[in-house]
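1. I'd like to go over a predicted model; first the sequence, then the structure.
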Amino acid sequence: MSGFEKIRQALKDTLTENGVSAAICEYPYGGKGRYTRPILTVGLKNGMGSPSGFKEYLGEISHDETGLVREIYGQKLDVTFGLHIYSPQSEEQGAAGCAKLLSEIAGALENLPGGLKVKELNWGETDFDAKLGMFHCETELKCTAYLYAEMTEEGEFLDFELKGKVTI
Amino acid sequence: MSFLDILNSYGEEAIVFRGDNNFSVKIFVQPVMSRHSDNEKTFTRLGEADRAKYYYFGPPDVEICADEDMYVTCGEVSYDFVKAECYKVLGRASHWEAVLRLREGGDR
């Protein structure tokens, strides 16, 4: 799984762990299931990377158990997630199901990992997707992701980590 | 020979489900061949969707409609009803015809 895939997975996992009833990463392999309740798909819409710190240098980190001191470097990514809400056209769910899932998303965003800062959450009008036979509401989540990695004595980077949660 | 006689002689065994009820029937199900791309498999954000259409030809005594609660299983394949019409001859129901789509698996 690539670094960007892991950031997307981290967002999806955080949303489902914090009140969003159902979410998947978009375009899963395999056939589409029969959804009887609203579902959210999480995708990466666009992004931009920039250095974090003085030419990416953040400082040093000391490991007490080994006595090692390593330099750490950072990177800042401005990421836009595409969050698409789908709701069945049943009487119980309908277009209102999109609004309900949107409020669950807004509530869950308060519990994102520390390295993922929300800048904006935008949403559009609910419409009907004839291809899927479901109501649809497109939302956009703009975030800044803060990543850091330790450099070994050989000058190689260890795994990049999203501050607060994910190892990339 | 009526359409019902033809179905009873040559139709495939199937079960029509409507809510908690089910009906054993003999029907014809045939694929609809179309030049249009909306009749193909397509990738969606929720997974691969098969948009192929099928044609249903069934007995007059089992009323069908395009409803979430209603579908038909023939062999190992299940279909949803998209559109349904009852055809009449001399004022009496002769048979039902419908357009079907593959029923997606697994309620989620």
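-> That came through, no problem. Residues are numbered from 1 along each chain as shown, chains lettered A, B, ... in the order given.

2. ok, A:Glu138 - how many residues close by?
-> Neighbours of A:Glu138 under the rule other CB atoms under 10 Å in any protein chain shown: 16. C-beta here means a position set from N, CA and C on the backbone, and glycine is covered the same way.

3. wait, it touches A:Thr126, no?
-> No: applying CB atoms under 8 Å, one finds A:Glu138 not in contact with A:Thr126, separated by 9.1 Å.

4. which neighbouring elements make contact with the helix or strand where A:Lys12 lies?
-> In this structure, A:Lys12 is located in helix A:3-17 according to DSSP states H and E. The contact analysis (3 or more CB pairs under 8 Å, 6 or more residues apart in numbering or on different chains; DSSP states H and E) places helix A:3-17 against strand A:23-25, strand A:39-63, strand A:68-88, helix A:96-108, strand A:116-123, strand A:134-151, strand A:161-162.

5. of all those, which one is nearest B:Lys88?
-> Distance to B:Lys88, taken as CB to CB, is lowest for strand A:68-88 among the helices and strands packed on helix A:3-17, at 33.7 Å.

6. what's the end-to-end length of stretch A:33-40?
-> 13 Å (CA to CA, to the nearest Å).

7. quick one: is that stretch near chain B?
-> Yes: residues of stretch A:33-40 are located near chain B by CB under 8 Å from any CB of the partner chain, namely A:33-37, A:39.

8. in chain A, which residue is most central in space?
-> In chain A, the residue lying closest to the centroid (CA atoms, centre = their mean) is A:Leu11, at 2.9 Å.

9. OK, contacts around the most far-flung residue of chain B relative to its centre?
-> In chain B, the residue that sits farthest from the middle, by CA atoms, centre = their mean, is B:Arg45; the gap is 26.4 Å. Residues near B:Arg45 by CB atoms under 8 Å, 6 or more residues apart in numbering or on different chains: A:26-27, A:41, A:43, A:84, A:86.

10. follow-up on the earlier one: indicate which one of the helices and strands packed on helix A:3-17 is closest to B:Asp50.
-> Of all those, strand A:134-151 sits nearest to B:Asp50, with 15.8 Å by CB to CB.

11. now the residue in chain B positioned nearest to chain A, nearest residue through space, not along the chain?
-> Nearest to chain A, among the residues of chain B, is B:Gly47, at 3.6 Å (CB to the nearest CB). When the adjacent residues along the chain are set aside, B:Gly47 lies closest to A:Lys32, with 3.6 Å between them (CB to CB, 6 or more residues apart in numbering or on different chains).

12. correct me, but the one you found touches B:Phe43?
-> No: taking CB under 8 Å as the definition, A:Lys32 is not a contact partner of B:Phe43, at 9.2 Å.
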